[in-house]
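Novice: Got a predicted structure plus its sequence, pasted below:
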Amino acid sequence: MTLVLGVDSSTQSTKALLVDADDGTVVDSRTAPHPAGTEVDPRAWLTAFDTATAGLLERADAVAVGGQQHGMVALDEAGEPVRDALLWNDTRSAGAARDLIGEMGGPQACADAIGSVMVASFTASKLRWLRDHEPENAARVAEVLLPHDYVSRHLSAPGTPAFTDRGDASGTGYFATAAGEWRPDLLELALGRVVGLPTVVAPDAVAAHTAGGAPVAAGSGDNAAAALGMGLEAGDVLVSIGTSGVASTISAVPVADGSGAITGFADAAGGFLPMATTINAAQILDLQARWLGVDHDELAALALAAPAGSNGLTLLPYYGGERTPNRPDATGTWVGLTPRTTREDLARAAVEALLCSLADAVDLVVGATGQEPRRILMVGGATRSAAVRALAPAVLGRPVVLPPAGEYVARGAARQAAWALTGRLPDWELAATETLTADPTPVVRTAYAAVRDA
Ligand SMILES: Nc1ncnc2c1ncn2[C@@H]1O[C@H](COP(=O)(O)OP(=O)(O)O)[C@@H](O)[C@H]1O
Ligand SMILES: O=C(CO)[C@@H](O)[C@H](O)COP(=O)(O)O
């Protein structure tokens, strides 16, 4: 049996899947947690990688890594981090993003240059923040990597130069996404000088070998890897509810949305991945469960015991600042609390807020493509919530296709590893999917929109 290893180095954990390259069957899997927070010592991801892949890497005939997008892994001459990595959900770089957009000639010029209007999440914004706030650290930077590049080099034979792919490169802010080339001038604009960048390799290339001699494929950003793992097809919209909330679709042509609603990233298969991303997603429910003193199953049961609309209670869940809409300094807002508000209402309002925020993201993607989605698919940790599964079709107002529970970023990385190994992108059928339906509850979105737009 030919085995391929797919790894997801995501915000909250590393997930490793050892997969049968012929049909995609998961043979073994392991996970390891990451430290919490929006700035993290990136060496913790290497430790988590070693833990999650122990006993799996040795059995793999090829391997690839998907990773959280955008994170700034700034390394010195010795390859050591000059400071903790700033993650995609760290909003301190919001002002830097605004400065860069201005210097690039405005939002549309920025989108034309890199495929997206820069936000705080992008690596370039973080490098500008570093230049402006920690010049002594900025002066020590010799090379900038993304999280997946950093992990890929770690698992490759010693001395392997860093490599990346166009999918993850397209989230840096110094990559011309349509042309598929680095923009050293934009890196210089952000950091004040040009430093080392990883080589961009093709989606089907063998980029390196492990110390044991197994091919290592390019890997990609986690959303591009998830699209590959799902076998996303034209017309599909993928909703991912992990630390971030994402609505994405695939496109054969590049996107350059000057409004900033849609980021026009590259995908992991040679095309493009227009998407809308929220900063607040699964953790809305984590917080609510903690505040109510319940676990996730109890939170779901409480939510399902309240009526649609949570008896007039509405939450705008931008606890950690938000990106869609672009409100980096926002905080959460509760509207409609009364002496009659129940624990059930509080739980329901949190689930409805999560889903309304995702519905906004889906609308943006649908608006950008101009066509009603063929299918909406839903993946990510929060789909384990019975309330999310029950209410998603009601709030989104459309049927939702739920694939079997699984780690689709890691599966996509494994599929890419098989592609590099065999020279052919394998067709891995999804096991039985379930179609979730419910009567639409537009009143929930109307109430949410009123608070959002107030
Ligand atoms: N039963 C559940 N109900 C709601 N949320 C859940 C449940 N199980 C896990 N989660 C949440 O899913 C999130 C992790 O999802 P995941 O897709 O792995 O995130 P990431 O890829 O960003 O690290 C966590 O915030 C976790 O609390
Ligand atoms: O910033 C983005 C996309 O632009 C996020 O989607 C990150 O890529 C983090 O992903 P998860 O850990 O939530 O999967």
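Specialist: Looks like it came in fine. Ligands and ions are numbered 1, 2, ... in the order given.
Novice: Against ligand 1, how distant is Asn311?
Specialist: 22 Å (CB to the nearest ligand atom, to the nearest Å). Using the backbone N, CA and C atoms, a C-beta is placed for each residue, glycine as well.
Novice: which residues touch that residue?
Specialist: Contacts of Asn311 were listed using CB atoms under 8 Å, 6 or more residues apart in numbering, and they are 336, 340-342, 345.
Novice: Next: Leu358.
Specialist: Contacts for Leu358 were tallied using CB under 8 Å, 6+ apart; they are 239, 241, 245, 247, 278, 281, 392, 396.
Novice: Pipe those residues into a markdown table and attach secondary structure per row.
Specialist: Shown next, in a markdown table, are the contacts of Leu358 (DSSP: H, G, I helix; E, B strand; the rest coil):
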| residue | secondary structure |
| --- | --- |
| Val239 | strand |
| Ile241 | strand |
| Gly245 | strand |
| Ala247 | strand |
| Thr278 | strand |
| Ala281 | coil |
| Ala392 | helix |
| Leu396 | helix |
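Novice: quick one: which of these is nearest ligand 2?
Specialist: Ala281 (6.8 Å; CB to the nearest ligand atom).
Novice: and that closest one, how many neighbours?
Specialist: 26 (other CB atoms under 10 Å).
Novice: Same question for Asp132.
Specialist: Residues near Asp132, counting by other CB under 10 Å, number 14.
Novice: Same check on the one 10 residues further on?
Specialist: The local packing of Ala142 (other CB under 10 Å) involves 14 other residues.
Novice: Hmm, it is touching Val194, no?
Specialist: No - the pair Ala142 / Val194 is not scored as a contact, 11.0 Å apart, by CB atoms under 8 Å.
Novice: buried sites along stretch 347-360?
Specialist: Using 16 or more other CB atoms under 10 Å as the test for burial, stretch 347-360 gives 347-360.
Novice: Among these, name the ones in strands.
Specialist: Cross-referencing the buried residues of stretch 347-360 against strands under DSSP state E gives no overlap.
Novice: From the residues you listed, which land in helices?
Specialist: 347-360 (DSSP state H).
Novice: Please identify the one among these that lies nearest to Pro198.
Specialist: Nearest to Pro198 out of these is Leu358 (CB to CB; 31.8 Å).
Novice: ok, Gly245 - contacts?
Specialist: 239, 277-278, 280-281, 354, 357-358, 361.
Novice: That one bridge partners, please.
Specialist: Gly245 has these beta-bridge partners by DSSP bridges: Ile241, Thr278.
Novice: distance of the residue nearest to Arg166 when sequence neighbours are not counted from Thr164?
Specialist: Sequence neighbours aside, Ala266 is the residue nearest to Arg166 in space, at 4.2 Å (criterion: CB to CB, 6 or more residues apart in numbering). Counting by CB to CB, to the nearest Å, the separation of Ala266 from Thr164 is 11 Å.
Novice: just checking: which of the ones in helices among the buried residues of stretch 347-360 also lie near ligand 1?
Specialist: Under the cut-off given by CB under 6 Å from any ligand atom, ligand 1 has nothing from those close to it.
Novice: in a strand, that's where Leu315 is, yeah?
Specialist: Yes - assigned with three-state DSSP, Leu315 falls within a strand.
Novice: Hmm, Val351 and it touching each other?
Specialist: No - applying CB under 8 Å as the test, Leu315 and Val351 come out as separate, 9.5 Å apart.
Novice: for the residue lying farthest from the centre of the chain, what are its contacts?
Specialist: Centroid-distance maximum for the chain: Pro339 at 38.8 Å, with CA atoms, centre = their mean. For Pro339, the contact set (CB under 8 Å, 6+ apart) is empty.
Novice: and the gap between Met230 and ligand 1?
Specialist: Counting by CB to the nearest ligand atom, the gap from Met230 to ligand 1 is 13 Å.
Novice: give me the number of residues near that residue?
Specialist: A count of nearby residues for Met230, using other CB under 10 Å, gives 25.
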